[in-house]
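In: the sequence and its predicted three-dimensional model are supplied below.
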Amino acid sequence: MKLFVFRNNTIERFFPKKYLFSGYDDVSYVPLDVDGYVWFYQLPVKYEVDSIVDELDGYTQKLQFILPQIGSKLVVSFTIDIIYSTKFIDSDHRLNDAVLRYNNFLYSLEKENENVKVVDICDFTRQYSWQDLIDWRFYFISQMGLNPRLSEPFQSWWLKKLDSIALRRKKCLVIDLDNTLWGGVLGEDGVNGIKIGGDYPGKAFLYFQEALLELNKQGVILTICSKNNEQDVIEAWENNPFLVLRREHFAAYRINWNDKATNIKELADELNIGLDSFVFVDDNPTERELIKQVLPMVEVPEFPTQPYELPVFFKNLVDSFFKVYSLTEEDVKKTEQYKANAARNQAQSNFADFGMFLESLDLQLTIEPANDFNIPRIAQMTQKTNQFNLTTKRYTDINIRQFINEGWKIWCLSVADKFGDNGITGCLMFNGYGIDTLLLSCRILGKGIETAFVKTVMSLLLEDGIKNLRAVYLPTKKNSQVKDFYDRCGFDLVSESETGEREYQISLNADKLNIDKYYHIIIK
């Protein structure tokens with residue numbers, strides 16, 4: 001993503017090389033051939049407070065000047081932190097008030113403009129002392145407002161912020177039990193002997209479980225991978241009154257004596273999500289090393305050696321892997337949706353005929369155009385969906401709103417059945433010429449829903465007078481399973497490149513768009 005940065009100091013080395021930069025405190029030029037903009041102004045180093053306050057008020061006016069020129073493109077605005085100031089009178093709060101007023105102005109812009117996102121610079125600066133944040137030699141020589149030695153950690157932090165804005169994060173946390181979720185070994189200490197709650201170290205593990213429960217409420221799937229007797233763990237869930245996390249909070253678990261790499265692979269298959277969506281937490285360094293070696297796509301953070309370090313570990317865990325700018329409704333329902341999927345798989349084993357199984361599910365497919373409510377979820381799916389994704393193009397909510405303004409037709413798919421509601425799990429984007437994006441969440445695949453969805457949308461296009469439709473398949477390392485999807489839907493192959501890219505077309509005909517009776521289609 002190519003971004004243009006408005007700034008009042010030298011900050012080039014803190015951002016990727018492909019970024020473009022304004023002159024110092026210069027808003028006279030607003031390039032339009034970029035993907036978005038960054039507003040990164042820092043507090044001037046002065047000693048006369050009224051002068052600083054006037055400059056801060058001027059920053060708000062400058063930002064208001066450029067926003068209409070930017071239109072609907074992404075704008076990431078940094079708050080301001082007081083890194084260095086000399087306060088002569090303790091009761092003089094003018095500078096603090098001005099900074100608070102400026103930052104609140106940014107948050108108000110965010111509420112009023114869907115393309116404006118605010119990043120709190122204090123998330124970064126609070127990690128350092130003010131002496132570490134400024135190198136006065138570089139400040140006076142090159143007007144560099146941040147210490148150049150911090151450029152690498154800043155870039156790493158900034159890229160994580162962009163992932164958060166794009167709603168990209170890991171999906172699943174795999175957790176060990178003994179000396180990880182509680183102190184002690186269940187098989188040796190017994191249900192009432194493990195350390196949870198009460199005095200230290202039990203209190204530290206209690207806090208950790210409370211934190212993980214809140215993480216689960218924010219849409220992160222919790223699973224267990226533990227070498228234990230399953231019945232002992234079930235007994236602990238049922239009888240230990242101090243456990244915060246119980247059986248119902250975990251979407252799946254493997255509690256046995258098999259190697260943990262095999263168990264994690266099985267969890268990935270059961271949940272139908274990629275191994276690169278997993279983070280593995282275990283107190284045992286040998287187990288961590290096994291996963292690093294055998295499953296390098298799984299993230300394996302270092303677990304603290306002392307329980308009192310768990311709060312710091314948890315914060316780093318969230319910041320590194322699970323922080324997201326905003327939540328969708330589907331995020332909040334993640335655990336229940338994956339549990340329901342397991343129940344579906346179990347129910348399927350009771351039917352010899354697949355058609356009878358589909359009919360028994362009472363499948364409800366709701367297809368509706370993109371709107372203010374579902375656009376964030378559509379954007380999130382483009383960022384995260386890899387396997388059933390014909391083009392794997394990544395879009396933000398701002399991109400999608402632009403497409404709609406340009407006349408694109410965008411639909412999303414919600415799927416529900418007797419086991420529960422999967423929420424919004426599919427998307428198709430028509431750019432006026434052909435299908436730009438077609439994707440579905442892996443957890444609804446295997447029931448023919450993808451074909452019913454595409455045929456329904458093609459029927460809608462036919463009703464709008466579209467006679468011919470084009471589509472492309474762009475191969476990636478992860479989407480080979482959909483290589484021939486358009487062939488199966490009746491499209492004609494027009495061309496195929498040496499790299500595997502395929503172009504298709506189809507003449508829309510209502511007779512070819514019949515949908516099996518198993519699918520109850522609701523069009524909004």
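Out: It's in. In this text, all values refer to a predicted model and were calculated from it rather than measured experimentally.
In: I'd say residue 382 and residue 390 touch.
Out: No. Look at residue 382 against residue 390 with CB atoms under 8 Å: they stay out of range, at 11.6 Å. In short, each C-beta sits where N, CA and C put it, glycine included.
In: need the overlap of contacts for these two.
Out: 437, 439 (CB atoms under 8 Å, 6 or more residues apart in numbering).
In: with adjacent residues omitted, what lies nearest to residue 232?
Out: Nearest residue to residue 232, sequence neighbours excluded (CB to CB, 6 or more residues apart in numbering): residue 186, at 5.4 Å.
In: likewise for residue 79?
Out: Nearest non-adjacent residue to residue 79 (CB to CB, 6+ apart): residue 103, at 4.5 Å.
In: can you give the contact residues for the top helix by length along the chain?
Out: Secondary structure of the chain read by DSSP state H shows that its longest helix is helix 49-70. If you take CB under 8 Å, 6+ apart as the criterion, helix 49-70 is touched by 6, 8, 25, 27, 30, 37, 39, 41, 43-44, 46, 75, 77, 80, 92, 94-95, 98-99, 101-102, 105, 109, 113, 115-116.
In: check which residues of whichever helix or strand comes after it are buried.
Out: Going down the chain from helix 49-70, the next helix or strand is strand 74-78, by DSSP states H and E. For strand 74-78, the neighbour count (16 or more other CB atoms under 10 Å) marks 74, 75, 76, 77, 78 as buried.
In: return the member of those residues nearest to residue 132.
Out: When the buried residues of strand 74-78 are compared for distance to residue 132 (CB to CB), residue 78 wins out at 18.7 Å.
In: picking up where we left off before, quick one: buried ones out of the contacts of helix 49-70?
Out: Burial by neighbour count, judged by 16+ other CB under 10 Å, picks out 6, 8, 27, 30, 37, 39, 41, 43, 75, 77, 80, 95, 98-99, 102, 105, 109, 115-116 from these.
In: narrow those to those in strands?
Out: Of those, the ones assigned to strands by DSSP state E are 6, 37, 39, 75, 77, 116.
In: which residues pair with the fourth one across the strands?
Out: When you say that, I think you mean residue 75. residue 37, residue 116 (DSSP bridges).
In: same thing with the first one?
Out: When bridges are assigned using DSSP bridges, the partners listed for residue 6 are residue 39.
In: number of nearby residues for residue 13?
Out: Other residues within reach of residue 13, judged by other CB atoms under 10 Å, total 15.
In: an error on my part: the question was meant for residue 129.
Out: For residue 129, the neighbour count with other CB under 10 Å is 10.
In: so who does it touch?
Out: Residue 129 makes no contacts at all, as judged by CB under 8 Å, 6+ apart.
In: gap between it and residue 491?
Out: Going from residue 129 to residue 491 by CB to CB, to the nearest Å gives 61 Å.
In: pLDDT at residue 86, what is it?
Out: In this model, residue 86 is scored at 85, pLDDT.
In: isn't it right up against residue 47?
Out: Yes. Residue 86 lies in contact with residue 47 (CB under 8 Å); the separation is 6.1 Å.
In: on that earlier part again, quick check: buried residues in the longest helix of the chain?
Out: The neighbour-count check on helix 49-70 (16+ other CB under 10 Å) flags 49, 52, 53, 55, 56, 59, 62, 63, 66, 67, 70 as buried.
In: what's the answer for stretch 337-355, then?
Out: For stretch 337-355, by 16+ other CB under 10 Å, it's 337, 338, 339, 340, 341, 344.
In: who touches the residue nearest to the first one when sequence neighbours are not counted in this structure?
Out: What it means is residue 337. Nearest residue to residue 337, sequence neighbours excluded (CB to CB, 6+ apart): residue 422, at 5.5 Å. With contact set as CB under 8 Å, 6+ apart, residue 422 has these partners: 337, 340, 341, 414, 415, 416, 441, 443, 444.
In: present those as CSV; the columns should include pLDDT and secondary structure.
Out: Supplementary listing: those in CSV, determined by pLDDT from 0 to 100; DSSP: H, G, I helix; E, B strand; the rest coil:
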residue, pLDDT, secondary structure
337, 75, helix
340, 73, helix
341, 73, helix
414, 94, strand
415, 92, strand
416, 91, strand
441, 88, coil
443, 77, helix
444, 82, helix
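In: and which of those is nearest residue 211?
Out: Closest approach to residue 211 among the contacts of residue 422 (CB to CB): residue 337, at 22.4 Å.
In: residue contacts, the closest one?
Out: By CB under 8 Å, 6+ apart, residue 337 lies in contact with 330, 420, 421, 422, 423, 443.
In: beta partners of the fifth one?
Out: In this structure, residue 423 has the following beta-bridge partners (DSSP bridges): residue 415.
In: gap between it and residue 413?
Out: 10 Å.
In: same deal with the last one?
Out: According to CB to CB, residue 443 stands 13 Å off from residue 413.
In: between those two, which one's more packed in?
Out: Neighbour count, other CB under 10 Å: between residue 443 and residue 413, residue 413 has more, with 27 against 18.
In: pull the number of nearby residues for the nearest residue to that one once chain neighbours are set aside.
Out: Nearest residue to residue 413, sequence neighbours excluded (CB to CB, 6+ apart): residue 426, at 3.2 Å. Using other CB under 10 Å, residue 426 is surrounded by 27 other residues.
In: assign residue 426 to helix, strand or coil.
Out: Of the three states, residue 426 takes strand under DSSP: H, G, I helix; E, B strand; the rest coil.
In: identify the residues contacting it.
Out: Contacts for residue 426 (CB under 8 Å, 6+ apart) come out as 381, 412, 413, 415, 439, 440, 441, 444, 449, 450, 453.
In: just the ones of these in strands?
Out: Per DSSP E, the subset of the contacts of residue 426 in strands is 412, 413, 415, 439, 440.
In: and the two most separated of those?
Out: Greatest spatial distance among the ones in strands among the contacts of residue 426 (CB to CB): 415 and 439, at 13.5 Å.
In: what mean pLDDT would you report for stretch 447-457?
Out: The model assigns stretch 447-457 a mean pLDDT of 92.
In: tell me the buried residues in that stretch?
Out: Buried-residue list, stretch 447-457, by 16+ other CB under 10 Å: 447, 448, 449, 450, 451, 452, 453, 454, 455, 456, 457.
In: try stretch 128-146
Out: Applying 16+ other CB under 10 Å to stretch 128-146 flags 133, 134, 135, 138, 139, 144, 145, 146 as buried.
In: which one of those is nearest residue 435?
Out: Among those, residue 146 lies closest to residue 435 (CB to CB), at 45.0 Å.
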